[in-house]
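**Q** Fold the stuff below for me.
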Amino acid sequence: MAYLRRAAAALLATAALLTASPTASATPSPVLARESFDRLPLGPVTEGRDWTSDTSDGTLTVTPASIGHGRELRIHTEGNGRAFLVFPHLAPPGNSFWARMRLWVDAFPTAPDWAHWTLAEASGPDSPTLVRPLGGQYVPTEKRNFYGVGSDLGPTGDWTAWKTSAPATAGRWQCVEFHLDATDNRVTVYFDGVPQPDLTVSTDRHGGTADPFAFPTFDKLKLGWQLYQSDPSPSSYDVRMDDIALSTRRIGGCAL
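**A** This next block holds a predicted model:
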C-alpha cells in the first residue's frame, strides 16, 4: 500500500509539472552576449561564443590579463587596417541595447590631420547607416584626440561629433558603456560609470546634415579598432578589451 501511495504521489507531481504555467525562470534573460576571454585558449583567435571576427591587416589574440588574473583580448592593426570581434546575430528587443567593456588603447594617432578611428560600429540589413557609438578623431588645432559618436553611409552623411570635453587618453584602462535607444535614435556614452552628456546624439541632434538621424534595425555590433587614413603615425595600433557584455538593461560594474 505504501508503494502505491508513493507511485500516486509521483504521478501527481509529474502532472503538475506538465500543466504548470510558465514561471519566472522562463522570462528571457536581459543579456544578449557576454565575453570575458577567460575560457578561450591563449593565442590568435577568430571566433568565440556568439561572436566571429573581421580583420584586414590586423589580428585578434587572447593574452594573459595585464592586471590581475584571467585573460583579455589584444587587438593589433598595421597602418589603416582593422580588427574587430563581431556579434553577428543581435536581435535586441525594441531595437535598443546597452554595451559595456573595459578598454585600453596604447596610442592614438598624431598624423595625418583629422585622422579618424572607430572602436564600435552597429549596423543592420535594412539600411546602409553605420552607427558608431564609440570612436574619435585627431584634432590638429588641439594637437590631441577626442572621443565622438559618429555615423556613415546614411542620409546624415559621414560625421564624428567629437567633443573637447571628452579627451581620448592612451595608456590606461577605462570602463566604457554606451546605450543605443531607438525611441529617439539616441546614443549615450559613459566613462567609468560617469555619463558624458556632450557626446549624446539623437534624431535631430547630431553631427551630420539637416536630415534626421535614424537607426537601422540592428543585427550586428563590431568592437575593435579601425583607422581610415593611410600612412598614419604611429604606423601600428594596439588595443586591449575585456569584460564585454551586451544587454537590454544597463549592465553596470563601471563605477570607480
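
**Q** right, and residue 31 touches residue 244 too?
**A** No. Here residue 31 does not reach residue 244: they are 11.2 Å apart, not a contact under C-beta atoms under 8 Å. (Glycine included, C-beta is placed from N, CA and C.)

**Q** and the closest residue to residue 110 other than its chain neighbours, what does it touch?
**A** In space, and not counting its chain neighbours, residue 110 is closest to residue 233: 5.3 Å by C-beta to C-beta, 6 or more residues apart in numbering. Residue 233 makes contacts with 109, 110, 111, 112, as judged by C-beta atoms under 8 Å, 6 or more residues apart in numbering.

**Q** So which residues of the stretch 101-250 of the chain form helices?
**A** Applying DSSP state H, counting those that start in this stretch to the stretch 101-250 of the chain gives no helices.

**Q** So what's the residue count around residue 156?
**A** Using other C-beta atoms under 10 Å, residue 156 is surrounded by 21 other residues.

**Q** Mind naming the longest strand for this protein?
**A** Counting residues, the longest strand in the chain under DSSP state E turns out to be strand 71-87.

**Q** Excluding covalently adjacent residues, which one is nearest to residue 253?
**A** residue 100 (6.7 Å).

**Q** The helix or strand hosting the one you found: partners in the sheet, and parallel or antiparallel?
**A** For residue 100, the enclosing helix or strand under DSSP states H and E is strand 97-105. Using DSSP bridges, strand 97-105 pairs in its sheet with strand 174-181 (antiparallel), strand 236-247 (antiparallel).

**Q** Spit out the contact partners of residue 71.
**A** Contacts of residue 71 by C-beta under 8 Å, 6+ apart are 36, 37, 38, 40, 42, 62, 63, 64, 65, 242.

**Q** ugh, wrong one, residue 142
**A** Contacts of residue 142 (C-beta under 8 Å, 6+ apart): residue 164.

**Q** in this protein, what secondary structure element scores lowest on mean pLDDT?
**A** Every helix and strand in the chain was compared by mean pLDDT, DSSP states H and E; the lowest is helix 2-19, with a mean of 42.

**Q** Among residue 31 and residue 244, which residue is more densely surrounded?
**A** residue 244 (23 against 12).

**Q** Could you verify my assumption that that one touches residue 221?
**A** No. Distance between residue 244 and residue 221: 9.8 Å, which falls outside the contact criterion (C-beta under 8 Å).

**Q** Find residues that contact each of these two.
**A** residue 99.

**Q** if we can go back for a sec, and the angle from the next helix or strand after the least confident helix or strand of the chain to strand 236-247?
**A** Moving toward the C-terminus from helix 2-19, the next helix or strand (DSSP H and E) is strand 31-35. With axes from the mean of the first three to the mean of the last three C-alpha atoms, to 10 degrees as the basis, strand 31-35 and strand 236-247 are set at 150 degrees to each other.

**Q** quick check: angle from strand 31-35 to strand 71-87?
**A** Using the same axes, to 10 degrees: strand 31-35 against strand 71-87 is 140 degrees.

**Q** Need the CA coordinates for stretch 97-113. CSV is fine.
**A** In CSV, the C-alpha atoms belonging to stretch 97-113 read as follows (Å, rounded to 0.1, in the frame of the first residue of the first chain):
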residue,chain,number,x,y,z
PHE,A,97,20.6,47.8,-26.1
TRP,A,98,23.4,48.6,-23.7
ALA,A,99,27.1,47.6,-24.1
ARG,A,100,29.9,47.6,-21.6
MET,A,101,33.6,46.8,-22.0
ARG,A,102,36.9,47.5,-20.4
LEU,A,103,39.3,49.3,-22.8
TRP,A,104,43.0,50.1,-23.1
VAL,A,105,44.5,51.9,-26.2
ASP,A,106,48.3,52.0,-26.3
ALA,A,107,48.4,55.1,-28.5
PHE,A,108,46.1,57.3,-30.6
PRO,A,109,47.1,58.8,-34.0
THR,A,110,49.1,62.0,-34.2
ALA,A,111,49.0,62.2,-38.0
PRO,A,112,47.6,62.8,-40.5
ASP,A,113,45.5,65.8,-39.5
